[in-house]
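In: Fold the following, please.
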Amino acid sequence: MKAERVVVAVWAGGVRASETILDLEHRYVPRLWTDLVPRGTLLTRLYNDGWTNHGPSLQALATGRWEVARYDEPRPAVGRTLVDAARRHGRTTLVIGPAQDRLLLLTGGDPSDVVRVSLSADPPPFVPDEPAAAIYKLRSFDRPITTAFLDREAAGPTLSFGVFDDTDMAHQGRWSWYTAAIRQADELVWRIWQRLEADGRTDLLVLPLHGRADHGQTRWGFMGHGREDEGCTRLWMLALGPDFAAGRLVEKRAQLIDVAPTIAGILGFDFPSRGQVPKEVFV
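Out: Numbers count the residues shown, from 1 in each chain. Alright, predicted model coming up:
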């Protein structure tokens, strides 16, 4: 592998493929579709085959296993996460996300190198230089997460996770808020890649952890998740950087638990898991 570092932008609040890669107009992800997909490899059929809820999905990403048998919030898998393994192999790590205990699922409970951010405190009008504030006119986790990452990126951690959360606003039932949060995340990921692309030694993976219920599946529609319908389970992953071909679409079915061993392979260490590395995504 060519990359020395991996950055993972996780859309952990839940977003459907129908509002992102499957929207023929790509109204809410114009940066991703127009500026980023041509630069990288898009895995179009990544699936969450476990519980499509926040905690179980984060843990599946962290351990490469379906660890949760019920809709429960799991406990950290001490010593068994990708972050644990990276640290044992001498890699530096960084996890940035909302001020929630859920972040520790990525680290097996270890708070080292975890940065918790609070909701942005600024009422409209927003600070002019805050990324994407004009797109999503609500208090935000994702903007402070991006700012915190860009402030620390120069330190060069080997493995970084940014846990975006604003699309979980969909629980409030406001379609316009939900789609604006997607549009904001799209812009923020673009800004992150603009910083990373120039060094030529970093891979960026962008993926949602779960979707949201399809219209007609429940009376709540997009507001909810935690189901087994296509809206909740259908994911995707965009991979950018020196290890991935530009403009490639990979339609082979893969699973969320495949992501952890894929990252470990890029960074050059073994990671025991139930997942399989989708070799088709690499150059």
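In: Wait, residue 278 touches residue 256, no?
Out: No - using CB atoms under 8 Å, residue 278 is not in contact with residue 256; the gap is 11.5 Å. Using the backbone N, CA and C atoms, a C-beta is placed for each residue, glycine as well.
In: The two: who's more crowded?
Out: More neighbours surround residue 256 than the other of residue 278 and residue 256, with 26 against 22 (other CB atoms under 10 Å).
In: Show the contacting residues for that one.
Out: 46-50, 57, 60-61, 209, 235 (CB atoms under 8 Å, 6 or more residues apart in numbering).
In: so where's the stretch 51-200 of the chain shaky on pLDDT?
Out: Scanning the stretch 51-200 of the chain for pLDDT under 70 picks out 123-126, 128.
In: In helices, which of the contacts of residue 256 appear?
Out: Per DSSP state H, helices hold the following members of the contacts of residue 256: 57, 60-61.
In: Can you tell me which of those has the most neighbours?
Out: So for the ones in helices among the contacts of residue 256 (other CB under 10 Å), the most neighbours sit at residue 60, 31 neighbours.
In: elements contacting the longest helix seen in the chain?
Out: Across the chain, the longest stretch assigned as helix under DSSP H is helix 175-197. Where contact means 3 or more CB pairs under 8 Å, 6 or more residues apart in numbering; DSSP states H and E, helix 175-197 is packed against strand 5-11, helix 142-152, strand 159-164, strand 202-208, strand 234-240.
In: nearest to residue 136, of the ones you listed?
Out: Evaluated over those, closeness to residue 136 peaks at helix 142-152, with 7.8 Å, by CB to CB.
In: What lies in contact with that closest one?
Out: By CB under 8 Å, 6+ apart, helix 142-152 touches 7, 94, 96-98, 115, 117-120, 130-133, 136, 160, 162-166, 181, 184-185, 188, 191-192, 195.
In: Please convert the buried members of these into PyMOL selection syntax.
Out: Of these, the buried ones can be selected in PyMOL as follows, counting by 16 or more other CB atoms under 10 Å:
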select buried, resi 7+94+96+97+98+115+117+120+131+132+133+136+160+162+163+164+165+166+181+184+185+188+191+192+195
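In: re earlier: going by distance to residue 240, which of the ones in helices among the contacts of residue 256 wins?
Out: Using CB to CB, residue 61 is the member of the ones in helices among the contacts of residue 256 that lies nearest residue 240, at 18.1 Å.
In: could the helices and strands packed on helix 175-197 be laid out in a markdown table, adding distance to residue 31?
Out: Below are the helices and strands packed on helix 175-197 laid out as a markdown table (distance: least, CB to CB, whole Å):
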| stretch | distance to residue 31 |
| --- | --- |
| strand 5-11 | 12 |
| helix 142-152 | 13 |
| strand 159-164 | 14 |
| strand 202-208 | 11 |
| strand 234-240 | 11 |
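In: among the ones you listed, which is nearest residue 69?
Out: When the helices and strands packed on helix 175-197 are compared by CB to CB, strand 234-240 sits nearest residue 69, at 20.8 Å.
In: what angle separates the closest one from strand 5-11?
Out: 150 degrees (axes from the mean of the first three to the mean of the last three CA atoms, to 10 degrees).
In: Kindly indicate whether residue 97 is helix, strand or coil.
Out: The assignment at residue 97 comes out as strand when based on DSSP: H, G, I helix; E, B strand; the rest coil.
In: what residues are up against it?
Out: When contacts are taken as CB under 8 Å, 6+ apart, residue 97 is in contact with 12, 103, 115-117, 141, 145, 161-165.
In: what sits opposite it in the beta ladder?
Out: residue 116 (DSSP bridges).
In: how near is it to residue 148?
Out: 9 Å (CB to CB, to the nearest Å).
In: show me what contacts the nearest residue to residue 20 once chain neighbours are set aside?
Out: Excluding its sequence neighbours, the residue lying closest to residue 20 (CB to CB, 6 or more residues apart in numbering) is residue 29, at 5.0 Å. Residue 29 makes contact with 19-21, 23, 182-183, 186 under the criterion CB under 8 Å, 6+ apart.
In: buried subset of the residues you listed?
Out: Using 16+ other CB under 10 Å, the buried members of the contacts of residue 29 are 19-21, 182-183, 186.
In: so can I have JSON lines of the contacts of residue 97 showing distance to residue 200?
Out: Listed next are these as JSON lines, based on distance: CB to CB, whole Å:
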{"residue": "12", "distance to residue 200": "28"}
{"residue": "103", "distance to residue 200": "29"}
{"residue": "115", "distance to residue 200": "26"}
{"residue": "116", "distance to residue 200": "31"}
{"residue": "117", "distance to residue 200": "29"}
{"residue": "141", "distance to residue 200": "30"}
{"residue": "145", "distance to residue 200": "24"}
{"residue": "161", "distance to residue 200": "21"}
{"residue": "162", "distance to residue 200": "20"}
{"residue": "163", "distance to residue 200": "26"}
{"residue": "164", "distance to residue 200": "25"}
{"residue": "165", "distance to residue 200": "30"}
